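A.B. asks: Have a look at this fold, sequence not included:
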Ligand SMILES: NC(=O)c1ccc[n+]([C@@H]2O[C@H](COP(=O)([O-])OP(=O)(O)OC[C@H]3O[C@@H](n4cnc5c(N)ncnc54)[C@H](OP(=O)(O)O)[C@@H]3O)[C@@H](O)[C@H]2O)c1
């Protein structure tokens, strides 16, 4: 039995809370900005109603065994306010976000376990969460990684402790880097079936592969073609979170998904003109003109 706080109960936080609920083994605390009337997660196996304490003010929080942070990357500063109250010397922190900068985003104050997750999920307007398939998470093969995996024992959530987490995280970033095409064109994944945009996706991924290799990831030459084939085989109406955020007028994780490729590319002297262009265009599109 662990006391587990989930900070950021949107699509991913909702799925994780639902999984922890089905384990029946933990005391759950949901940390949100607004009070939750209820948390209902529609999973492939059925509907899960999460029974948990809900806190909306970090000042009300007290130390727990685990904090799972599932905010967007651009909300890390707000998440840290919760960590101040939820953590004591023994608390472990799992950060379940896209990107490859889980540690950098919380350093130097906090030591975190980076987690990458594959699970297409949406938060509906009524606050319920639709989990479209099984959740697969990857963590480092460390004591903390194995303990994180044990939190989800007996649930449908799969947590793989992998020896080469750097490569796993960069592979996910390669997939996400191509998602900028949808956010740029305001079109769902079917846009990648177009030859021109498919080539642009391949070129975005190629830059990510080059920078990832410089950062220590093992990524083979066929990764781009496989990712593009995966997008083309998937539902054409699928909307990635970058596009969903842009459509909803929210900030986007463009820095965590494409900006990081540009920044780390600069560090290694690797040109990343397409990612640079994608970041600049999306930032310009979403900046309100003042004159
Ligand atoms: N959705 C997916 O299918 C998917 C798949 C793989 C990876 N990811 C990654 O997982 C991460 C989470 O994404 P998501 O789709 O779950 O995002 P989301 O649905 O937007 O949920 C994020 C939640 O964090 C909350 N939040 C923000 N600041 C907070 C604070 N200071 N205190 C408490 N709650 C706070 C937001 O609250 P409000 O409701 O008040 O805005 C929102 O409910 C991202 O890095 C994303 O890229 C998502």
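C.D. replies: Perfect, I can see it now. Only a predicted model underlies this, so the values are computations on that prediction, with no experimental measurement involved.

A.B. asks: Could you give the bridge partners of the nearest residue to residue 158 once chain neighbours are set aside?
C.D. replies: Spatial nearest neighbour of residue 158, excluding adjacent residues (C-beta to C-beta, 6 or more residues apart in numbering): residue 136 at 4.7 Å. Just so you know, the C-beta spots here come from the backbone N, C-alpha and C atoms, and that holds for glycine as well. Counting by DSSP bridges, residue 136 is bridged to residue 118, residue 158.

A.B. asks: which residues touch residue 136?
C.D. replies: Contact analysis of residue 136 by C-beta atoms under 8 Å, 6 or more residues apart in numbering lists 117, 118, 119, 157, 158, 160.

A.B. asks: Tell me which two of these sit farthest apart.
C.D. replies: Pairwise distances across the contacts of residue 136 peak at 13.3 Å for 119 and 160 (criterion: C-beta to C-beta).

A.B. asks: Just want to know which of the two has more residues nearby.
C.D. replies: Taking other C-beta atoms under 10 Å, residue 119 and residue 160 do not tie; residue 119 has more neighbours (20 against 14).

A.B. asks: Phi, psi for the nearest residue to that one once chain neighbours are set aside please.
C.D. replies: Closest residue to residue 119 in three dimensions, ignoring its sequence neighbours and counting by C-beta to C-beta, 6+ apart: residue 135, at 3.9 Å. Residue 135 adopts backbone torsions of phi -90, psi 130, taken as degrees, to the nearest 10.

A.B. asks: how close does residue 135 sit to the ligand?
C.D. replies: 9 Å (C-beta to the nearest ligand atom, to the nearest Å).

A.B. asks: Give me the neighbour count for that residue.
C.D. replies: Around residue 135 there are 24 residues (other C-beta under 10 Å).

A.B. asks: Who are the contact partners of the closest residue to residue 101 other than its chain neighbours?
C.D. replies: The spatial neighbour of residue 101 that comes closest, neighbours along the chain excluded (C-beta to C-beta, 6+ apart), is residue 260 at 6.0 Å. Contact analysis of residue 260 by C-beta under 8 Å, 6+ apart lists 99, 100, 101, 173.

A.B. asks: Show the pLDDT at the closest residue to the first one other than its chain neighbours.
C.D. replies: In this case it means residue 99. Nearest in space to residue 99, with sequence neighbours left out and distances taken as C-beta to C-beta, 6+ apart, is residue 256 at 3.6 Å. Looking at residue 256, its pLDDT stands at 98.

A.B. asks: list the contacts for residue 256?
C.D. replies: Per C-beta under 8 Å, 6+ apart, neighbours of residue 256: 73, 74, 97, 98, 99, 101.

A.B. asks: Mind checking which of the residues you listed are in strands?
C.D. replies: Using DSSP state E, no member of those sits in strands.

A.B. asks: can I get those residues in CSV with pLDDT, distance to the ligand and neighbour count?
C.D. replies: Formatted as CSV, the contacts of residue 256 follow (pLDDT from 0 to 100; distance: C-beta to the nearest ligand atom, whole Å; neighbours: other C-beta atoms under 10 Å):
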residue, pLDDT, distance to the ligand, neighbour count
73, 97, 5, 21
74, 96, 9, 16
97, 98, 3, 25
98, 96, 3, 23
99, 97, 7, 21
101, 98, 11, 22
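
A.B. asks: Where does pLDDT dip in the stretch 151-291 of the chain?
C.D. replies: 287-291 (pLDDT under 70).
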